[in-house]
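# coords below, sequence missing:
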């Protein structure tokens, strides 16, 4: 027989996992917490990222060079991309604190970018600045419909992210800000996923008990919400421009897609 002290898992659409809190009797979902990167939006194509950053520095890079630079920068470590293959010792402290302090986030990622010699003045800063503008991200096609359906159904929504900068302006530019009740950002609350505290803070901010809250994300850190008493839906991150399976959150919340 299953151990009743272990979290329970049931299949969800698209091969995702749904995890319920230990021994929890789930009540109807009244609140949904969403991760940001890899769940609601994806960073722009690496080559486009490099090309745009170089243009901001007054340099035009040809396609082949942009591709080669993008490959090297991804290996070095891109915010919103793969983890770095290696963090230089001089950046270790900034890297450890990157999701707790804005200066550490910028310093860590510009420092990693500077390990790639592109021969373009100001290039590392320009690469980082692409994170801060709406054009540097691509919301998933099912993000807006999912948030709108939850709002129409009266389900409260928060975005919970390990991040070192404010993402509210991005949502405002995309016309999604009014569909989110609270933003719970690690650098503002001083806690990072999977710490249960960040999920409990999010539940409090939207006024919903954890037992009536669903966390939707794409990493084991998001699944840490189980320890706070929430149910969790883990969806593998999709490429930019591809629907990310967010309809599964509507199914679990008992909400019909618009």
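Noted; the coordinates are in hand. Nothing here was measured: the structure is a model prediction, and the numbers come from that model. Numbering: from 1, shown residues only.
# residue contacts, the closest residue to residue 114 other than its chain neighbours?
Nearest residue to residue 114, sequence neighbours excluded (Cβ to Cβ, 6 or more residues apart in numbering): residue 124, at 4.6 Å. Placement of C-beta: from N, CA and C, glycine included. Neighbouring residues of residue 124 by Cβ atoms under 8 Å, 6 or more residues apart in numbering: 110, 111, 113, 114.
# Was I right to think the third one contacts residue 75?
No - using Cβ atoms under 8 Å, residue 113 and residue 75 do not qualify as a contacting pair, with a distance of 11.3 Å.
# Of those two, which one has the most company?
residue 113 (23 against 16; other Cβ atoms under 10 Å).
# Just give the nearest non-adjacent residue to the more buried one, would you?
residue 124 (3.8 Å).
# measure the one you found to residue 59 for me?
13 Å (Cβ to Cβ, to the nearest Å).
# Then residue 241?
27 Å.
# quick one, which of those two is more surrounded?
Neighbour count, other Cβ under 10 Å: between residue 241 and residue 59, residue 59 has more, with 16 against 11.
# Please name the nearest non-neighbouring residue to that one.
residue 120 (5.1 Å).
# Is that neighbour in a helix, a strand, or coil?
coil (DSSP: H, G, I helix; E, B strand; the rest coil).
# how near is it to residue 139?
29 Å.
# Name the secondary structure element that contains the residue nearest to residue 114.
helix 123-129 (DSSP states H and E).
# Parallel or antiparallel, which strands does whichever helix or strand comes after that helix pair with?
As assigned by DSSP H and E, the chain's next helix or strand after helix 123-129 is strand 137-139. Within its sheet, strand 137-139 is paired with strand 41-43 (antiparallel), according to DSSP bridges.
# Name the nearest residue to residue 46, sequence neighbours excluded.
The nearest residue in space to residue 46 (Cβ to Cβ, 6+ apart) is residue 70, at 3.7 Å.
# Name the residues of the helix or strand containing that neighbour that are buried.
Using DSSP H and E, residue 70 falls within helix 63-76. Under the neighbour-count criterion of 16 or more other Cβ atoms under 10 Å, helix 63-76 has 66, 69, 70, 73, 74, 75, 76 buried.
# Please apply the same query to stretch 160-177.
160, 161, 162, 163, 164, 165, 167, 170, 171, 174, 176.
# tell me the contacts of the residue nearest to the second one when sequence neighbours are not counted?
Put plainly, it is residue 161. Leaving aside its sequence neighbours, residue 161 sits nearest to residue 36 (Cβ to Cβ, 6+ apart; 4.0 Å). When contacts are counted by Cβ under 8 Å, 6+ apart, residue 36 touches 159, 160, 161, 163, 167.
# wait, which of those residues is closest to residue 134?
Comparing the contacts of residue 36 against residue 134 with Cβ to Cβ places residue 167 closest, at 10.0 Å.
# That closest one is in contact with residue 187, isn't it?
No - taking contacts as Cβ under 8 Å, residue 167 lies outside contact range of residue 187: 10.6 Å.
# on that earlier part again, for residue 150, see how far away the residue nearest to residue 46 is.
35 Å.
# same check, this time on residue 90
From residue 90 to residue 150 the distance is 44 Å (Cβ to Cβ).
# More neighbours: those two, which one.
Neighbours around residue 90 and residue 150, counted as other Cβ under 10 Å, are more numerous at residue 150. The numbers are 25 against 8.
# Chain neighbours aside, what residue packs nearest to that one?
Spatial nearest neighbour of residue 150, excluding adjacent residues (Cβ to Cβ, 6+ apart): residue 157 at 5.5 Å.
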